[in-house]
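Trainee: return a 3D structure for these sequence lines:
(chains A and B)
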Protein chains: 2
Amino acid sequence: MAGVTEFPHPYVPPDLKLPGYVPVVLPKSTIVGIYLGVSLLVVLTIWFISGRSSKRSSLDRLLMCWWAFTGLTHMFLEGYFVFSPEFYKDKSAFYLAEVWKEYSKGDSRYAARDSAIVSVEGVTAVLEGPASLLAVYAIATGKSYSYLLQFAISLGQLYGTLIYFLTAVLEGDNFATSPFYYYAYYVIANSFWLVIPSLIAVRCWRKTCAAFSAQAQKKVKSR
Amino acid sequence: MAGVTEFPHPYVPPDLKLPGYVPVVLPKSTIVGIYLGVSLLVVLTIWFISGRSSKRSSLDRLLMCWWAFTGLTHMFLEGYFVFSPEFYKDKSAFYLAEVWKEYSKGDSRYAARDSAIVSVEGVTAVLEGPASLLAVYAIATGKSYSYLLQFAISLGQLYGTLIYFLTAVLEGDNFATSPFYYYAYYVIANSFWLVIPSLIAVRCWRKTCAAFSAQAQKKVKSR
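Mentor: Predicted structure coming up:
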């Protein structure tokens, strides 16, 4: 169209076609700061509300904070990405579009709408997001499915992160604008979703084995 | 190179480049027949061996058959694919190469070495394959982690199959040579890994919830 200015995008590979790309408006510090600030607010809110019951352990309260934080991240941040294929054209400096324009500097497959990324993010946003909020409720009310649900979501997060990194390696692992973005956004930010789900999965495994062992002993005793 | 005959491949899209492709030698019925025959042999072997203990339920024996069958499929069939990027060049009519040359008629992304396919198959072959055989042992010996392990592998299989279908849909779902291969190989063969893991996951969920409920009641009683 005549009169339309095309902006060059900052992503790698440079020959990636993103017609209608509009550059990110907010500074990096603002984008990351809002995410960390809102997350801290969520965590503190859950921490104080969950502290009202004296029966609840600090570890359970910490887990409730994690599930609220990760669940809202999955549903809002990742959910927006999944259902907004044209986020890079956004002209309104809408915060969620800004997040993904900025994050694409660490992994341009987001802007390029790589099908593996969209599939993994789809499962994460639609299934794991709501399930994470259910986990907050399950811990709060001591449901019998609490550990199993946490185990299931953690395995899903691990599976997704594994596919995320494996597909990148198989495609040449060259999607970051600079080493800074490679490490800060792609490696470090994602590593939380490898470390924390691993720890939770191991804990749930132990708790579940203990419950089955107790059940088996009870059966032996009652004979 | 001079003197080398290039064979046209039968896959869709036709512009897929597969230099050095060697056509499938064995008839379709032989390839499928060997897989079904060997699988039946595995299932019957496990069924009869597991029947020696009268304490074991028929359902547990059936599950042992499933885990042996799916575990060996993951490790050998899918394991071969993951570590043989040039299977379509095989000239020796090696059975496992024939399987994937034939299966690629239902989904050419296997011959094309799509990174999402290789990643999902890698996780399936390397992690879920051995874990499935561990599940046979866990059921046989009544381990306390038996249900949790079956639950974990089933979720992994469901996640993998979901990513498998989602990536195909996002990329246009046009990878089959004909409707016959589309339904027979891509839809029907894979649907077993949606239906059976779902049933097993639901059963494991119920069994685990029951164990935690029993443990909770015991704690209340012992107060």
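Trainee: for the spatially most central residue of chain A, which non-adjacent residue is spatially closest?
Mentor: When CA atoms, centre = their mean is applied to chain A, the residue found nearest the centroid is A:His74 (4.9 Å). Using CB to CB, 6 or more residues apart in numbering or on different chains and skipping the chain neighbours, the partner closest in space to A:His74 is A:Gly129 (3.4 Å). In this view, the C-beta of every residue, glycine as well, is placed from N, C-alpha and C.
Trainee: report pLDDT for that neighbour.
Mentor: For A:Gly129, the model assigns a pLDDT of 98.
Trainee: Three-state assignment for it, please.
Mentor: With DSSP: H, G, I helix; E, B strand; the rest coil as the basis, A:Gly129 sits in helix.
Trainee: contacting residues for it?
Mentor: A:Gly71, A:Leu72, A:His74, A:Met75, A:Glu78, A:Gly79 (CB atoms under 8 Å, 6 or more residues apart in numbering or on different chains).
Trainee: the first one and chain B, how far apart?
Mentor: Spelled out, it's A:Gly71. 18 Å (CB to the nearest CB, to the nearest Å).
Trainee: wait, doesn't that residue sit right on A:Leu127?
Mentor: No: between A:Gly71 and A:Leu127 there is no contact under CB atoms under 8 Å: 11.2 Å.
Trainee: now the helix or strand bottoming out on mean pLDDT in chain A against helix B:190-221, angle please.
Mentor: Sorting the helices and strands of chain A by mean pLDDT, DSSP states H and E puts helix A:190-221 at the bottom, at a mean of 93. Angle, helix A:190-221 to helix B:190-221, by axes from the mean of the first three to the mean of the last three CA atoms, to 10 degrees: 60 degrees.
Trainee: confidence score at the residue nearest to the centre of chain A?
Mentor: In this model, A:His74 carries a pLDDT of 98.
Trainee: thinking it is in contact with A:Thr124, fair?
Mentor: Yes: the criterion here is CB under 8 Å, and A:His74 meets it with A:Thr124 at 5.2 Å.
Trainee: what do the two both touch?
Mentor: With CB under 8 Å, 6+ apart as the test, A:His74 and A:Thr124 reach no residue in common.
Trainee: re earlier: adding secondary structure, write the contacts of A:Gly129 out as CSV.
Mentor: Below are the contacts of A:Gly129 laid out as CSV (three-state DSSP):
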residue, secondary structure
A:Gly71, helix
A:Leu72, helix
A:His74, helix
A:Met75, helix
A:Glu78, helix
A:Gly79, helix
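Trainee: just the buried ones from the residues you listed?
Mentor: In the contacts of A:Gly129, burial by neighbour count holds for A:Gly71, A:Leu72, A:His74, A:Met75, A:Glu78, A:Gly79, counting by 16 or more other CB atoms under 10 Å in any protein chain shown.
Trainee: as a markdown table, those residues with distance to B:Asn174 would be great.
Mentor: Shown next, in a markdown table, are those (distance: CB to CB, whole Å):
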| residue | distance to B:Asn174 |
| --- | --- |
| A:Gly71 | 36 |
| A:Leu72 | 37 |
| A:His74 | 31 |
| A:Met75 | 32 |
| A:Glu78 | 28 |
| A:Gly79 | 28 |
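Trainee: how about the helix or strand in which A:Ser154 is found: buried residues?
Mentor: Using DSSP states H and E, A:Ser154 sits within helix A:146-170. The neighbour-count check on helix A:146-170 (16+ other CB under 10 Å) flags A:146-168, A:170 as buried.
Trainee: hmm, who's touching stretch A:87-100?
Mentor: So stretch A:87-100 is in contact with A:9, A:18, A:20-22, A:24-26, A:31, A:34-35, A:76-77, A:80-81, A:84, A:101, A:104, A:110-111, going by CB under 8 Å, 6+ apart.
Trainee: how about stretch A:35-42?
Mentor: By CB under 8 Å, 6+ apart, stretch A:35-42 touches A:Cys65, A:Ala68, A:Phe69, A:Leu72, A:Thr73, A:Leu77, A:Val99.
Trainee: nearest to B:Phe192 among those?
Mentor: The nearest member of the contacts of stretch A:35-42 to B:Phe192, counting by CB to CB, is A:Thr73 at 34.1 Å.
Trainee: how far out from the middle of the chain is the least confident helix or strand of chain A?
Mentor: Here helix A:190-221 is found 23 Å from its chain centre; the criterion is CA atoms, centre = their mean, to the nearest Å.
Trainee: relative to helix B:146-170, how tilted is it?
Mentor: Using the same axes, to 10 degrees: helix A:190-221 against helix B:146-170 is 140 degrees.
Trainee: is any residue of helix A:190-221 near chain B?
Mentor: Yes: part of helix A:190-221 sits near chain B under the criterion CB under 8 Å from any CB of the partner chain, namely A:Trp205, A:Thr208, A:Cys209, A:Ala210, A:Ala211, A:Phe212, A:Ser213, A:Ala214, A:Gln215, A:Ala216, A:Lys218.
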